[in-house]
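1. Dropping the sequence and predicted coords here.
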Amino acid sequence: MRHMILLGVLACVVILAGCASMEKSKMAKNTFGDDVKFLKKYTEVVLLSDAAGDSQVAVLPRMQGRVMTSTAEGTGGLSFGWINRELVASGVIEEHINVYGGEDRFWLGPEGGQFSIFFKDGVPFDLEHWFTPAPIDTEPFELISASKSRAVLKKDMELENYSRTVFNLRVDREVRVLSQDKAVADLGTTPAKAVRIVAFESVNKITNTGAKAWKKESGLLSIWILGMFNPSPKTTVVVPFNKGPQSSLGPAVNDAYFGKVPADRLVVGDGVLFFSGDGQYRSKIGLSPQRSRPVLGSYDAVNKVLTIVQYNKPRGVTDYVNSMWELQDEPYKGDVVNSYNDGPAEPGAEPLGPFYELETSSAAAALDPGEHVSHLHRTFHLQGSEADLDPIARATLGVTIDQIKSAF
């Protein structure tokens with residue numbers, strides 16, 4: 001979630017006190033079958049899989065078509081997505097945001113600033129006046145079709161930003177489970193036979209269905225995909241970045257969202273940074289279009305799971321929406337990729353999850369009527385021995401498993 005969003009989330013924590021009593025360690029160990037059985041009690045679940053049936057993905061049309069969780073080993077396999085069971089089971093609709101979870105969910109930016117879609121015209125940029133738009137928070141998406149490996153959804157929306165610009169748009173969202181051959185081709189390296197893989201992608205398109213063009217001076221939207229995952233004491237986020245002088249490319253990382261991240265939780269190396277995903281310390285990082293590369297990931301050394309996220313990043317584009325909670329001098333100097341680590345907001349407080357996040361965004365969408373922009377977000381989970389996962393980490397993230405494990 002982008003700048004300050006967890007402050008909004010924390011406003012819900014008091015109401016959702018039940019979240020604090022969740023059996024967090026048990027949740028991290030739930031099987032995929034356990035989670036699907038639970039979800040089916042409360043909402044429609046569309047199950048997708050590859051040909052063999054081991055790689056499975058749970059899509060929830062009524063929760064904005066999000067991929068709630070996935071597995072590489074069938075119903076008895078590890079469930080990778082974080083699920084807020086307490087909130088899902090409660091049936092309660094929270095006022096500011098409904099943090100259901102999910103490892104690929106659709107949002108729109110910007111969150112803050114004069115072009116925000118989370119604040120109404122003229123109100124202060126504070127928690128009391130911050131609201132997640134219902135079309136991306138509580139309203140269902142329409143399931144158009146579903147096959148064994150693919151679900152197609154859509155949603156028509158009308159949104160108004162802080163500057164009173166009205167956006168009429170259609171969201172088209174397609175979730176696909178990749179075949180093993182396609183997963184290997186997209187990964188760019190061939191894993192050992194013993195490695196279990198689930199790979200899926202969402203293709204997200206927004207179309208201007210209104211009569212007016214979307215222009216920079218009145219505000220633009222962007223597609224924002226967020227993945228929430230179960231943490232472990234030894235989970236590390238890995239983000240490769242473009243090397244070069246700060247004078248021309250800017251800082252390697254923005255780590256000041258919730259206060260500067262301590263050195264024992266963020267290490268900036270030679271073209272790659274390491275960020276703790278242990279779910280024990282509330283912190284967030286972001287990378288600019290000048291620094292970001294079209295890949296990021298994480299490694300869970302407890303469960304021996306390597307996660308890779310890929311996305312499409314248009315070459316030479318630098319306008320990304322800015323979500324700072326203030327009137328902005330540079331409303332199109334936002335982040336392309338982000339990672340968030342959950343934890344107590346203050347000493348003695350309970351974390352929201354815990355979970356950690358990998359996020360990607362499209363460029364700001366300046367669209368004439370009828371025009372559209374698309375954003376692809378692809379997730380791989382690979383399970384196996386460290387010896388088998390090491391060459392994959394080298395090929396995709398440019399580091400070894402030992403480098404990831406020894407970062408902190």
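-> Structure's in. What do you need?
2. Send over stretch 262-274 as CSV, restricted to the C-alpha atoms.
-> Written as CSV, here are the backbone C-alpha positions of stretch 262-274 (Å, rounded to 0.1, in the frame of the first residue of the first chain):
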residue,chain,number,x,y,z
PRO,A,262,16.6,0.9,10.4
ALA,A,263,19.8,-0.4,8.9
ASP,A,264,19.1,-3.9,10.3
ARG,A,265,16.0,-4.0,8.2
LEU,A,266,17.0,-2.4,4.9
VAL,A,267,20.4,-3.0,3.2
VAL,A,268,21.1,-1.2,-0.1
GLY,A,269,23.7,-3.2,-2.0
ASP,A,270,25.3,-2.9,-5.4
GLY,A,271,22.2,-2.8,-7.7
VAL,A,272,20.0,-4.7,-5.3
LEU,A,273,18.3,-4.0,-1.9
PHE,A,274,17.2,-6.3,0.8
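3. Show me where the stretch 51-200 of the chain dips below the pLDDT cut-off.
-> Nowhere does the stretch 51-200 of the chain drop to pLDDT under 70.
4. What are the contacting residues of the helix or strand where Ser247 lies?
-> Element membership for Ser247, per DSSP states H and E: helix 246-249. For helix 246-249, contacts defined as C-beta atoms under 8 Å, 6 or more residues apart in numbering pick out Asn242, Ala252, Ser288, Gln290, Arg291. From N, CA and C alone the C-beta is placed, and that goes for glycine too.
5. With stretch 72-79 instead?
-> Taking C-beta under 8 Å, 6+ apart as the rule, stretch 72-79 contacts 29-36, 53-56, 69-71, 196-198, 230, 303, 305, 381-383.
6. Thought Gly269 was touching Ala252, still the case?
-> No. Applying C-beta atoms under 8 Å, one finds Ala252 not in contact with Gly269, separated by 9.5 Å.
7. the more surrounded of the two?
-> Ala252 (22 against 15; other C-beta atoms under 10 Å).
8. which residues touch that one?
-> By C-beta under 8 Å, 6+ apart, the contact set of Ala252 is Phe241, Gln246, Val268, Leu273, Leu287, Arg291.
9. Also Lys29?
-> With C-beta under 8 Å, 6+ apart, Lys29 has these contacts: Leu78.
10. In terms of pLDDT, where does it sit?
-> As predicted, Lys29 sits at a pLDDT of 70.
11. Check the gap between it and Ser232 for me.
-> Using C-beta to C-beta, to the nearest Å, Lys29 is found at 10 Å from Ser232.
12. Please report the distance of the closest residue to Val268 other than its chain neighbours from Gln403.
-> Distance criterion C-beta to C-beta, 6 or more residues apart in numbering; nearest residue to Val268, sequence neighbours excluded, is Ala252 at 5.4 Å. To Gln403, Ala252 is 17 Å away according to C-beta to C-beta.
13. Equivalent analysis for Leu306, please.
-> Leu306 is 13 Å from Gln403, by C-beta to C-beta.
14. quick one, which of these two is more surrounded?
-> Leu306 (28 against 19).
15. Okay, strands next: where are they in the stretch 151-300 of the chain?
-> Secondary structure of the stretch 151-300 of the chain (DSSP state E, counting those that start in this stretch): strands at 166-177, 196-208, 222-229, 235-240, 266-268, 272-276, 283-287, 295-300.
16. In JSON lines: those strands, plus distance to Thr360 and mean neighbour count.
-> Formatted as JSON lines, the strands of the stretch 151-300 of the chain follow (distance: least, C-beta to C-beta, whole Å; neighbours: other C-beta atoms under 10 Å):
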{"stretch": "strand 166-177", "distance to Thr360": "15", "mean neighbour count": "20"}
{"stretch": "strand 196-208", "distance to Thr360": "10", "mean neighbour count": "23"}
{"stretch": "strand 222-229", "distance to Thr360": "5", "mean neighbour count": "26"}
{"stretch": "strand 235-240", "distance to Thr360": "11", "mean neighbour count": "25"}
{"stretch": "strand 266-268", "distance to Thr360": "19", "mean neighbour count": "18"}
{"stretch": "strand 272-276", "distance to Thr360": "15", "mean neighbour count": "24"}
{"stretch": "strand 283-287", "distance to Thr360": "10", "mean neighbour count": "25"}
{"stretch": "strand 295-300", "distance to Thr360": "8", "mean neighbour count": "26"}
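17. and Gln246, how many neighbours does it have?
-> 9.
18. For the nearest residue in space to Ser179 that is not next to it in sequence, give me its contacts.
-> Leaving aside its sequence neighbours, Ser179 sits nearest to Asp50 (C-beta to C-beta, 6+ apart; 5.6 Å). With contact taken as C-beta under 8 Å, 6+ apart, Asp50 is in contact with Ser149, Val177, Leu178, Ser179, Gln180, Val198.
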